[in-house]
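# Predicted model, plus sequence, below.
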Amino acid sequence: MKLPKCWSCKYVFKYRELFVLSFFPFKRNTCPNCGKRQHLAKNINWKINFLPLPIVFIPLVLNIFNVPWLSIGIIIIIALALYFAILPYQLKFSNKDHGLF
Ligand SMILES: [Zn+2]
């Protein structure tokens, strides 16, 4: 897994910079090196939107197997933490604004 680069100067973004961005996808993101505006590339939008979908089904599936709700809650928290941990690696920037969908 590689961290995304600036489309203009190829500056490799730091994990911390991207981690904040994964919580606020509408936040203005500029390259700290060249100051150019970074837009999320078109092909990665579906990853951001659909990657967390399986998390929704975890409680439904686990409920079938009579897993206690406390355990289901813990599993969901872990799954969400994992999602946000790998999200920065899934990002990719371009110079064009494609919108979120
Ligand atoms: Zn740059």
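That came through, no problem. Numbers count the residues shown, from 1 in each chain.
# Flag the shaky bits of the chain, pLDDT-wise.
25-26, 98-101 (pLDDT under 70).
# quick one: the spatially most central residue of the chain from the ion, how far?
Centroid check for the chain by Cα atoms, centre = their mean gives L87 as the closest residue, at 3.1 Å. Distance of L87 to the ion, given as Cβ to the ion, to the nearest Å: 21 Å. Placement of C-beta: from N, CA and C, glycine included.
# Ok, I58 next?
According to Cβ to the ion, I58 and the ion sit 38 Å apart.
# How far away from the center of its chain is stretch 29-45?
Distance of stretch 29-45 from its chain centroid, counting by Cα atoms, centre = their mean, to the nearest Å, is 14 Å.
# what's the nearest residue to C9 if we skip its chain neighbours?
C34 (4.3 Å; Cβ to Cβ, 6 or more residues apart in numbering).
# my guess is that neighbour meets W7, correct?
No. Look at C34 against W7 with Cβ atoms under 8 Å: they stay out of range, at 9.8 Å.
# Can you name the residues of this protein that neighbour the ion?
6, 8-9, 11, 31, 33-34 (Cβ under 5 Å from the ion).
# of these, buried ones?
Applying 16 or more other Cβ atoms under 10 Å to those, the neighbour count classes 6, 11, 31 as buried.
# can you pull the buried residues of the lengthiest helix in the chain?
The longest helix of the chain (DSSP state H) is helix 69-90. By neighbour count on 16+ other Cβ under 10 Å, the buried set for helix 69-90 is 72, 83, 87-88.
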